[in-house]
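Q: here is a sequence together with a model predicted from it:
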Amino acid sequence: MYTGISQVIRALHAFALSVFLAALCFTVNVSAKENTPLSEQRNQQLKNLVQQSTIPQLIQAMKEKQLTATELTQFFIQQIDELNPQLNAVVAMNPDAISIAMQLDEALSHGKLRGPLHGIPILVKDNIETETMPTTAGSLALKDNFTHRDAPIIAKLKRAGAIILGKTNLSEWANMRSERSSSGWSAIGGQTRNPHDLNRSTCGSSSGSGAAVAAFLSVAAIGTETNGSITCPSSANGIVGIKPTVGLLSRHGIVPISHTQDTAGPMTRSVIDAAIILSVMQGFDEKDPATNIAKGHLNYDYTPEQSAISLKGKRLGVLYAAPLAHEQVESLFNQTKQMLEQEGALLVEGLSTEPYDHFYQDSYDVLLYEFKATLNDYLAQLPNEYKSLTLEKLIQFNQAHATKEMPYFQQEIFEKSQQKATLTDQKYLTALQKVHQATRADGLDKMLKEHNLDAIITVTLTPAWSIDRINGDHFTGSFSTYPAVSGYPHLTLPMGKVHHMPVGLSITGGALSEKELIAIAHRLEQLIGYKYN
């Protein structure tokens, strides 16, 4: 058992890299051009800098010539070389990362700053298309799926100066294959492990993204969420995660589950970093009709203003959800509530979510219908030989390769989804209308309006459970379903630890309320003072 992430990292450093590489079921190929290792002294200097710095501070260090993008990229490559064999967080590296960093350094030497992410290495979940790496969703069926294109959100990150460092492991098919899946396991990447305790789960499905950011394998990572897949691993790994309003940013080029719930979002070690990345990624995309709601947010900046942050008079609803079953989590939540009250926030107690009978079955059915339709559409539009795949053919592939694809759990979600009719089926349309009514007008909107709330707070999740690939996740519930089904934003930030494992605080609000949630979270982050190193 470990008492903190620094102990885990020190333990990982103590092992010889070659021992792990021999035992790995996959190999991360770091073949960056002009890959020159940092000296031990410089590596330690950069480690100290990275642990203490936000994105603006790192860029300022580059401007002041205390740091280069090339050094920063090389630092993270070395971190991945050392730590990833145990964590299984990263499954592919961008071969052009170093050369891109060198180009950015050259531009800055001439006074040209690419944007708010200039020289910042970022990892990307392996269900988001990237030009130089395959997009596999963790499945051997898509092992060599090179689309040779960037998803729109990745193109925006690159235009803002980000260096796409590599791709992260995920729960295979974003946890949409089996009801007994182990979060963080995929046939491509193996089992991702929590850097706070290697025997515990990272949650999922953005498992590698969460573990990588917590273990300092990158400045930030991009995850995706349909229901809890950003917020759960962010809480379990002790980092900040934002699941934006559905439609605030484009989902084009992302392996889909649900067109009504899917979104990507930032996973970082600070609220300000998450806000900067969200600001870069958001906006209208003609290839994603849901982004019509983002037309009014062009060039919108979510970065909180330091001087303007105040919680005095903020009305925050307090929701008690399943995770409060743990007494030490409840104690931690009560301490956070006291901080808020001392800052002048007005807490409104007594809120609850009481969905109608069969709500959870209806919401599950909606996903089953949408998964079949959206996945088949996505596969048919791939610019390579994988365009002939369908959900039915994926089921057949898994059966034919069961030893490698299904050594621990099966594909009953795939099979249930395949049995569903089209999205014109009245059963689907009725279920969708009912779950939206329950989570929007009769749910979050009602709570926010009746109590005149600025936001709603609750515990994100209990501490991470032990990895169990036989029985699957020991999931005790979370708050993610209401913001997920409604499509409303959900932010989580570290609230503290129970024993050595982090616990997150969730903040949610109405559609497009990200600016308000980020401002509240930024002040809370200052009050809590969570230590990442």
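A: The structure has been received and is ready for your questions. Everything numeric in this text was worked out from a predicted model, so none of it was measured. Residues are numbered from 1 along each chain as shown.
Q: what segments of the stretch 101-250 of the chain are strands?
A: In the stretch 101-250 of the chain, strands defined by DSSP state E, counting those that start in this stretch lie at 121-125, 163-168, 185-186, 190-191, 220-225, 240-243, listed in chain order.
Q: ok, now the chain?
A: Assigned by DSSP state E, the strands in the chain fall at 90-93, 121-125, 163-168, 185-186, 190-191, 220-225, 240-243, 263-268, 315-319, 346-351, 455-459, 490-498, 501-508.
Q: of the ones you listed, which is nearest K47?
A: strand 121-125 (14.1 Å; CB to CB). Backbone N, C-alpha and C define where each C-beta goes, glycine included.
Q: can you list the residues that contact that closest one?
A: By CB atoms under 8 Å, 6 or more residues apart in numbering, the residues outside strand 121-125 that reach it are 72-73, 76, 90, 97, 101, 130, 154, 157, 162-168, 170, 206, 208-209, 212-213, 217-224, 264, 277.
Q: quick one: strands adjacent to it?
A: According to DSSP bridges, the neighbouring strands of strand 121-125, each with its direction, are strand 163-168 (parallel), strand 220-225 (parallel).
Q: for it, give the mean pLDDT please.
A: Strand 121-125 shows a mean pLDDT of 99.
Q: could you check the angle it makes with strand 263-268?
A: In terms of direction (axes from the mean of the first three to the mean of the last three CA atoms, to 10 degrees), strand 121-125 departs from strand 263-268 by 140 degrees.
Q: CA atoms only for strand 121-125, dumped as CSV, please.
A: What follows is strand 121-125 as a C-alpha-only set of coordinates in CSV (Å, rounded to 0.1, in the frame of the first residue of the first chain):
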residue,chain,number,x,y,z
PRO,A,121,2.6,18.4,-24.6
ILE,A,122,-0.9,16.8,-24.4
LEU,A,123,-1.9,13.2,-24.5
VAL,A,124,-5.1,12.1,-26.2
LYS,A,125,-7.5,9.2,-25.5
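Q: separation between the residue nearest in space to the middle of the chain and Q191?
A: The residue at the geometric middle of the chain, judged as the C-alpha nearest the mean C-alpha position with CA atoms, centre = their mean, is G223 (3.0 Å). Here G223 is placed at a distance of 18 Å from Q191 (CB to CB, to the nearest Å).
Q: repeat for K393
A: Between K393 and Q191 the distance, using CB to CB, works out to 26 Å.
Q: more crowded one of those two?
A: Residue environment comparison for K393 versus Q191 gives the larger neighbour count to Q191, 20 against 13, counting by other CB atoms under 10 Å.
Q: quick check: bridge partners of the more buried one?
A: Assessed by DSSP bridges, Q191 has beta-bridge partners W185.
Q: mind listing what I276 touches?
A: Contacts here follow CB under 8 Å, 6+ apart; on that basis I276 touches 55-56, 116-117, 302-303.
Q: could you do Y378 as well?
A: 255-256.
Q: that one and I128: what is the separation?
A: Noted for Y378: a distance of 12 Å to I128, by CB to CB.
Q: ok, now A221?
A: Spatial separation of A221 from I128 under the definition CB to CB is 10 Å.
Q: what of S186?
A: With distances taken as CB to CB, S186 is found 15 Å from I128.
Q: okay, the two: which has more neighbours?
A: Neighbours around S186 and I128, counted as other CB under 10 Å, are more numerous at S186. The numbers are 31 against 25.
Q: nearest residue to that one in space, ignoring adjacent ones along the chain?
A: G138 (2.8 Å; CB to CB, 6 or more residues apart in numbering).
Q: what of Y360?
A: Nearest in space to Y360, with sequence neighbours left out and distances taken as CB to CB, 6+ apart, is T481 at 7.6 Å.
Q: one more: T353?
A: The shortest distance from T353 to any non-neighbouring residue, by CB to CB, 6+ apart, is to Y482 (5.8 Å).
Q: touching, that neighbour and G443? I think so.
A: Yes: taking contacts as CB atoms under 8 Å, Y482 lies within contact range of G443: 5.7 Å.
Q: which neighbours do the two share?
A: T353.
Q: tell me which residues of the lengthiest helix in the chain come out buried.
A: Criterion DSSP state H: the longest helix present in the chain is helix 359-380. Across helix 359-380, burial judged by 16 or more other CB atoms under 10 Å covers 359, 362-376, 378-379.
Q: the residue nearest to G344 when sequence neighbours are not counted: neighbour count?
A: Taking CB to CB, 6+ apart as the measure, G344 lies nearest to K312, with 3.2 Å between them; neighbours along the chain are not counted. As a burial measure, K312 scores 8 neighbours (other CB under 10 Å).
Q: how close does E405 sit to P304?
A: Using CB to CB, E405 is found at 44 Å from P304.
Q: same drill for the two, tell me which one is more crowded.
A: Just comparing E405 and P304: by other CB under 10 Å the higher neighbour count belongs to E405, 22 against 19.
Q: in space, what's closest to that one - neighbours in sequence excluded?
A: Leaving aside its chain neighbours, E405 sits nearest to N398 (4.6 Å; criterion: CB to CB, 6+ apart).
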